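Undergrad: Model the following, please.
(one chain, ligands or ions: 1)
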Amino acid sequence: MTDIPRFHPRYASLVARERVAAGVKSGFTSSQGLIAQGRGECFDYLLGEKTTESAAVATRAAAALLLLAEHPALSVNGNVAALVPEEMVALADALGALLEVNLFHRSEERVKKIADLLRASGATEVLGENPNAAVSGLEHARALATRGGIYDADVVLIPLEDGDRCEALAAMGKKVIAIDLNPLSRTARKATVSLVDNILRAVPNLTAQVKELSPLSRSDLEKIVLEYDNERTLRQAVEEIRNHLQAQFKEHQRG
Ligand code: PTJ
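TA: Sure, this is the predicted structure:
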């Protein structure tokens, strides 16, 4: 990896870029993952590279939804594995949830490398290497699922992916939580709860929220979920981008 100086103004973003590039070199992230990361970086820049108010509200609702779930499952692809392997294991542990590798550009070699990485990061059980079911309505490899894992889950976390699986999982009656920096994406619009935040911040924040909310009663958790409105959150995220850009513009004008 390139040695990035800690004081570099774009340190976090450059380190993330290096991690995705290292994932490609190690063979568990797809080369297309570099493009996805670039797209994410751009939206993060527009958001001010921070967890916004709307993302914090969505994170709380996502934590409540996960705590209410009987069978939560967390999906892991090549970009997620490159950026937050240990953090995904910590979230799974906090919830007693299952981790399942699910890839768009699937190869058995990549699935195994990601599962091995998650195990090396502390996961006791990782699904996805032997899928035995398919999510209906999807023509590609992302349809593959495991019984007892994503296929039977009532709440599924799907970070960094395209919208068609989100829609297909929702059509199966599941609640879907997306992590996607693009508030206009199909995934963000179709999910039950969308975290418009960088996965680097979103997953640790989600784990912290799960721990904070875990003493609450089911009815208190249900209240948080009921009060949450995903459309309102996405509108607010777009507004936050606009406000950030206006503030930046004013600063540039002042010199
Ligand atoms: O490992 P595979 O084969 O399953 O492929 C994974 C990728 C990410 C390549 C695949 O799912 C893909 O092509 O995804 P898309 O369609 O590019 O969508 C990814 C979404 O995640 C985009 O809306 C990005 O803005 C967003 N995104 C990218 N990086 C981040 C992000 N969101 C949060 N945090 C990020 N770091």
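
Undergrad: Kindly provide the distance from the residue of the chain found nearest the ligand to residue 114.
TA: Closest residue of the chain to the ligand, Cβ to the nearest ligand atom: residue 40 (2.3 Å). C-beta coordinates here come from the backbone N, C-alpha and C atoms, glycine included. Separation of residue 40 from residue 114 (Cβ to Cβ, to the nearest Å) stands at 19 Å.

Undergrad: Have a look at the two and say which one is more surrounded.
TA: When neighbours are counted by other Cβ atoms under 10 Å, residue 40 and residue 114 differ, and residue 114 comes out ahead with 28 against 23.

Undergrad: looking at it, that one is touching residue 28, isn't it?
TA: Yes. Counting by Cβ atoms under 8 Å, residue 114 touches residue 28, with 5.0 Å between them.

Undergrad: any common contacting residues for those two?
TA: Common neighbours of residue 114 and residue 28, using Cβ atoms under 8 Å, 6 or more residues apart in numbering, are 78, 81.

Undergrad: near the ligand, anything from stretch 78-88?
TA: Yes. Using Cβ under 6 Å from any ligand atom, stretch 78-88 comes into contact with the ligand via 78, 79, 83.

Undergrad: Give me the buried entries from those residues.
TA: 78, 79, 83 (16 or more other Cβ atoms under 10 Å).

Undergrad: Surely residue 58 touches residue 196?
TA: Yes. Here residue 58 reaches residue 196: they are 7.0 Å apart, a contact under Cβ under 8 Å.

Undergrad: Please enumerate the shared neighbours of the two.
TA: In contact with both residue 58 and residue 196: residue 233, using Cβ under 8 Å, 6+ apart.

Undergrad: returning to what we had before: could you dump the residues of stretch 78-88 next to the ligand into CSV and include secondary structure and pLDDT?
TA: Listed next are these as CSV, based on DSSP: H, G, I helix; E, B strand; the rest coil; pLDDT from 0 to 100:
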residue, secondary structure, pLDDT
78, helix, 98
79, helix, 98
83, helix, 98
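
Undergrad: Redo the residues you listed as CSV? Include distance to residue 145.
TA: CSV is the format used below for those (distance: Cβ to Cβ, whole Å):
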residue, distance to residue 145
78, 17
79, 19
83, 23
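
Undergrad: show me the contacts for residue 31.
TA: Shown in contact with residue 31 (Cβ under 8 Å, 6+ apart): residue 24.

Undergrad: and the gap between it and residue 54?
TA: Counting by Cβ to Cβ, the gap from residue 31 to residue 54 is 32 Å.

Undergrad: and the helix or strand hosting residue 55, what other elements does it pack with?
TA: Assigned by DSSP states H and E, residue 55 belongs to helix 53-68. Contacts defined by 3 or more Cβ pairs under 8 Å, 6 or more residues apart in numbering; DSSP states H and E place helix 53-68 against strand 155-159, strand 175-179, strand 193-195, helix 199-213, helix 218-227, helix 230-254.

Undergrad: May I see the buried residues of it?
TA: So helix 53-68, judged by 16+ other Cβ under 10 Å, has buried residues 54-55, 57-68.

Undergrad: and what of stretch 145-162?
TA: 145-146, 148-153, 155-161.

Undergrad: Would you mind marking which of these are also close to the ligand?
TA: Restricting the buried residues of stretch 145-162 to those near the ligand - Cβ under 6 Å from any ligand atom - leaves 160, 161.

Undergrad: quick one: least confident of the buried residues of stretch 145-162?
TA: Taking the buried residues of stretch 145-162 together, the minimum pLDDT is found at residue 161 (91).
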